[in-house]
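Undergrad: Quick one, structure for this:
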Amino acid sequence: MPGPDLVTLDVWTVSPRDVPRAVWRMAADRPALRALPGVRFAKLLGTGNGRTFTVRDADPLRWAALVAWDATADADAFETSRTARAWAGIARERVQFRLAPRSSRGRWSGAEPFGSGPDGGGPVASITRARLRPAKAASFWRSVPPVAEELRTVPGLRTAFGIGEAPLGYQGTFSLWESTEALREFAHRGAAHRDVMVRTPREGWYAEELFARFGVVDVRGTLDGRTP
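TA: From the prediction side, this is the model:
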């Protein structure tokens, strides 16, 4: 089956007083989001600030929706949906990343949601997601801070933050890069990241994992007051 035409990642930032409403939306909007026309795969996610990519980073002011769409027109129609309007009513800031799948390996909740497409130039985005084995979680979390520290200094990174279905046991990242070359430079030449790549099969940290790369079609809105 061909991959989705478009993948969107919406990130909403709310004020502290609206955190309870955001938590409620996370529970209430799941069925409605998945029932929208053209939705192949959808996840409502918490986020982390990206300082260490551990559970300490959890950010209750920022929430996300990751959706794979059959067609760009379906993603456009989302703007008038009840879910989008509800989040607009509580968000003080929103950014939407519009992404075209380029390569993907692994599974998310048993699915292969993104597929692959032709490579091209320009900015790229990366999504990683893993479900940790409970007995291996402590070892994994100890390995993450050096990678986060390395990430903050790498050339070509536009933004990066954590995403996840739950603060414990499920972890993921979203990162936006100036080019494929910048992403590959970090992935394969950064000492801390390379060490984690080598250790992953040996340690058996993950019960399930996914890595996907996308071309960036558009970035709409702002994150921390600027367009990434």
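
Undergrad: Confirm Ala77 sits in a helix?
TA: Yes: assignment of Ala77 by DSSP: H, G, I helix; E, B strand; the rest coil places it within a helix.

Undergrad: before we move on, which element is the residue lying closest to it once chain neighbours are set aside in?
TA: Counting by CB to CB, 6 or more residues apart in numbering, Ala77 lies nearest to Pro37, which is 6.8 Å off, once chain neighbours are set aside. (Glycine included, C-beta is placed from N, CA and C.) Of the helices and strands defined by DSSP states H and E, none includes Pro37.

Undergrad: Going by residue numbers, what spans are strands in the protein?
TA: Applying DSSP state E to the chain gives strands spanning 6-14, 39-48, 58-69, 91-106, 124-132, 157-164, 170-177, 206-221.

Undergrad: Run a quick neighbour tally on the residue nearest to Ala77.
TA: Residues lying near Pro37 (other CB atoms under 10 Å) number 12.

Undergrad: ok, so what distance separates it from Gly164?
TA: Separation of Pro37 from Gly164 (CB to CB, to the nearest Å): 27 Å.

Undergrad: Going by mean pLDDT, which of the strands of the chain comes out lowest?
TA: Ranked by mean pLDDT, the strands of the chain bottom out at strand 170-177, with a mean of 87.

Undergrad: Give me the nearest residue to Leu151, chain neighbours excluded.
TA: Per CB to CB, 6+ apart, closest to Leu151 is Ala160, 6.0 Å.

Undergrad: The one you found: what's it in contact with?
TA: By CB atoms under 8 Å, 6 or more residues apart in numbering, the contact set of Ala160 is 50, 151, 173-176.

Undergrad: go again using 7 Å as the cut-off
TA: Applying CB atoms under 7 Å, 6 or more residues apart in numbering, one finds that Ala160 lies in contact with 50, 151, 173-175.
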